Each structure stands twice: as structure tokens, then as C-alpha cells.
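In: have a look at this prediction, sequence included:
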Amino acid sequence: MTEKKKLTLKDIAKELGISVSTASRALKEHPDIAKDTIRAVKEYAEAHNYVPNFLAVNFRKSRTFNIGLIVPELVHHFFSTVISGVIDEAKKYGYNVLVSQSNDLLHDEKIACRAMLASSVDGLLISISNETLEGDHLLDFISEGKPVVQFDKITDKLDTPKVTVDDLEGAYNAVGHLIKQGYKRIAHLRGRENVKNANERFQGYFKALTDNNMQTSSNWIKSCIAISEQEGYDFAKELMESPNPPDAIFCITDLVALGVIKYLKESGYTIPEQVGVMGFSNWKLAEVVSPGLSSVDQHGYNMGIKSVKLLIELIQNHDLENQATLELKTNLVVRESSLKQPD
């Protein structure tokens, strides 16, 4: 490396055989990073005169008043409500919002990030894809003095502010409702095991069962990959044709729950008398499907408002060190699909 080339976080990470996010957290002496790693990163950075970009330029002096927003799916009801909240609130501060989708693919997310950087956005809001584990590519924004706020689907391996909902409590309340309705064998169609909010919903499901001394079975837990209606249909068929079928199914999202309802109705099961169904997200379609789908409301519009207000505050205060997490509460919306007896 020549003296003329400025050392970057990526250079440090490559030299030491670690991820960029690990290098970044080591420089900040993050408690999750091993002391030997912190020492190695700091010694290398000092020996090669590393200076973080955002300190060197003291933030960009001019603004475009454009904010980037990347979501997994534009047509997803939850994310469409988030987008509406972001745009409505950003207007109040004179900001425009550039929206893109990752299609829940890491490759597409990286392309969207590069496009946002090329458009000189002042900051980024992002709900990461199901394939995003480290999020190193998001550090490119930080390096250019552009704050990043993660929302809904997040990674704890990236030190940025986060806006989430209490997925564990939401799932706990949903399964608790099913228990109160008299359901004894409650299955869960969960999300991917490497996705944080899917894990928290699973933990809420399991905690509700164990707290109420309910029967549990690994055979009643199925992992969705595409998080699709078809998976809901296929897993419901598999569960109901098993030797010990459940009498209620708690789903990772409303879309998966729709597939469950479709299978149950086609197969002659009565809902909620024979099988109860619970979704998560409270899409608009939860109101119109028959029977009406019980669900957990994530308040997407409010999440959009909170997320963009936080991002604009960071932009205005030139704050790249904030790592706060804002957790919003969910609420249970009970409809016919789980109402076996008066609640």
C-alpha cells in the first residue's frame, strides 16, 4: 500500500482477515469484540495512520435534502404503510424520499445501496433483506458521513440506530390469546432462523407455551424461506395430515396465514371451531378474508414516522455515533379466525 492511498476500514479488515463491521466495532472497543481483536485493529490502524473519513471531512457541508429508503418489497402491505409514513413525515422537514426494493436479496440490496450513494442521499433508512447478515456494505454510507437507520428487519452486527417493534411480546400475546380460546396443540410457521425478528416471534411463541405448561412439539414448527402464501398452504397440509395434527396455527406473517386458511377451507376444516389461525402484521387483507384473520398490528405507518424523524435528527446534528434502539409496541387484533369463544 502506498502512502498516497488513504487507509480504509475495508483495508484493515482485509489485512486482518475480519469483517468490516468487526473492524469498525473494534475501533470503538465494542464489548462484543475480543480484546485481542481490538488490540490488533487499533495497532494496525495507528501504524498506518488510519483516519475515519467522517472525522476527516467533518461531515458533508452541503445537503441534497434527499433520503434513501430501501425495503424488501414495495407491494408488501406492511412496507407500503412504512413508506407512506416516511414520505408524509419527510415532507414536513423539506426532504424528498428515494425508494428502492431489495427483493429480499443481498445482491439487489447492495445494488440499491450503490444507487443511493450515487444519488448523494443525505442518509439511509433500510429494512435489510433476509440474506443480509453482516451489513458491511452499509458502512459505505457512514464512511461518507451519511447516517443509517435500520428498521423492522435489522442486524445487531451493524452499529447504527434501529427502530423495531416488540416482536417477542407481540407473538407472546398472540399465542396467549389462542391458549385462552382453548386451543391445546398450537403450531408455528416461523421465518428463517438467521432473521432477528423471526427468531423473536418464535421465542414469544415458545415462551407463551412454556409459561402456560402447554404441550410443545418440534413437529409443529415449520420454517418458511420465501415467507409466501404457498408455504402456508403446503405446511398446513403437512401438519394436518400428520399423526398428531395441531388445532391452531400461528404464522410468521398474514400472507403465510392466508395460505393456511386456503388449505383448511379446501380440506373441509371449520375455522375457528376445528382449527384456529393467527397471523402477524395486520395487513388490510386480514379484514376482508373470510373468516377475518386475527393478527398482530405492527403499526407500520408510525414506524415510518419514527424512523425518518430519527434519521433527520441525525443528519441535522451531524451524528454518526448514535446507536440507540427505539422499540415500538404491537397490539393484538382479534377477528373470527381465532375467536372460538368470547374473549
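Out: Received the coordinates, thanks.
In: what are the buried residues along stretch 17-30?
Out: By neighbour count on 16 or more other C-beta atoms under 10 Å, the buried set for stretch 17-30 is 18-27. All C-beta atoms are positioned from the backbone trio N, CA, C, and that covers glycine.
In: how close does the residue nearest in space to the middle of the chain sit to residue 167?
Out: Geometric centre of the chain, nearest residue: residue 153, 1.0 Å, by C-alpha atoms, centre = their mean. To residue 167, residue 153 is 10 Å away according to C-beta to C-beta, to the nearest Å.
In: can you list residues touching both of the two?
Out: Here residue 153 and residue 167 have residue 197 as joint contacts, going by C-beta atoms under 8 Å, 6 or more residues apart in numbering.
In: sorry, back to before: sec struct for the residue nearest to the centre of the chain, please.
Out: coil (DSSP: H, G, I helix; E, B strand; the rest coil).
In: flag the shaky bits of this structure, pLDDT-wise.
Out: For the chain, the stretches with pLDDT under 70 are 1-6, 51-62, 342-343.
In: all strands of it, in order?
Out: Applying DSSP state E to the chain gives strands spanning 66-71, 96-101, 123-126, 148-151, 162-165, 186-190, 221-223, 248-251, 276-278, 295-297, 325-328, 331-333.
In: and those strands: which comes nearest residue 43?
Out: Closest to residue 43 of these, according to C-beta to C-beta: strand 148-151, at 27.8 Å.
In: got the contact list for stretch 77-84?
Out: In contact with stretch 77-84 (C-beta under 8 Å, 6+ apart) are residues 69, 71-74, 97, 99, 127, 151-152, 254, 281, 283-285, 298, 300-301, 303-304, 307.
In: just the strands of the chain: most buried one?
Out: strand 248-251 (a mean of 32; mean count of other C-beta atoms under 10 Å).
In: just checking, what packs against that one?
Out: helix 167-180, strand 186-190, helix 229-240, helix 254-266, strand 276-278 (3 or more C-beta pairs under 8 Å, 6 or more residues apart in numbering; DSSP states H and E).
In: go through those and name the closest to residue 328.
Out: Nearest to residue 328, of all the helices and strands packed on strand 248-251, is helix 167-180, at 10.1 Å by C-beta to C-beta.
In: now do the closest one against strand 186-190, angle only.
Out: 150 degrees (axes from the mean of the first three to the mean of the last three C-alpha atoms, to 10 degrees).
In: off-centre distance for helix 167-180?
Out: Its chain's average C-alpha position is 19 Å from that of helix 167-180, according to C-alpha atoms, centre = their mean, to the nearest Å.
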